[in-house]
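Q: Any chance you could fold what I've pasted below:
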Amino acid sequence: MSIEQQLIERLHTLNPTHLDVVNESSGHGGYYPGKESHFKVVIVSEQFAGLRLVQRHQQVYAAVGDLLSPSKIHALAIHAFVQDEWQGQDTSSPECAHAPKQ
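A: Okay, here's the model as predicted:
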């Protein structure tokens, strides 16, 4: 099972009403086809209700567990919302300074 599939499976434990997992590895230095090292997650769950941003991130980290290790996921951008917060949010990622040059 790919790292991306494992990440999706583990994040489903947070009962998301919306989940978007994007492999952004190709935009970072050292990329090669098939590399899975940099991800962005947009997750909407009522489990985040009443929690500060850092607490939401802690829940995501707990769900992801050992996937956040140097040999697996190097970077994880987290956008965690409750339903009434997430519409219209800009979740775009900045360019990496070490991105492969075109």
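
Q: Can you pull the phi and psi angles for residue 21?
A: Dihedral pair for residue 21: phi -110, psi 120, per degrees, to the nearest 10.

Q: same check, this time on residue 86
A: Residue 86 has phi and psi values of phi -90, psi -20 when expressed as degrees, to the nearest 10.

Q: try residue 19
A: Dihedral pair for residue 19: phi -140, psi 120, per degrees, to the nearest 10.

Q: so who does it touch?
A: Each residue near residue 19 by Cβ atoms under 8 Å, 6 or more residues apart in numbering is listed here: 8, 11-12, 41-44. C-beta: built from backbone N, CA, C; applies to glycine.

Q: helix or strand for the residue positioned nearest the centre of the chain, which one?
A: Computing the C-alpha centroid of the chain and ranking residues by Cα atoms, centre = their mean puts residue 41 first, at 2.7 Å. Secondary structure from DSSP states H and E places residue 41 in strand 38-44.

Q: what's the offset of the following helix or strand past that strand from the middle of its chain?
A: Scanning forward in sequence from strand 38-44 by DSSP H and E, the next helix or strand is helix 53-64. For helix 53-64, the separation from the chain centroid amounts to 11 Å (computed by Cα atoms, centre = their mean, to the nearest Å).

Q: buried ones in helix 53-64?
A: Judged by neighbour count using 16 or more other Cβ atoms under 10 Å, the buried positions of helix 53-64 are 56, 59-60, 63-64.

Q: Serialize the residues you listed to JSON lines and add fields for distance to residue 48 and pLDDT.
A: Listed next are those as JSON lines, based on distance: Cβ to Cβ, whole Å; pLDDT from 0 to 100:
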{"residue": "56", "distance to residue 48": "5", "pLDDT": "98"}
{"residue": "59", "distance to residue 48": "7", "pLDDT": "97"}
{"residue": "60", "distance to residue 48": "9", "pLDDT": "98"}
{"residue": "63", "distance to residue 48": "12", "pLDDT": "97"}
{"residue": "64", "distance to residue 48": "15", "pLDDT": "96"}
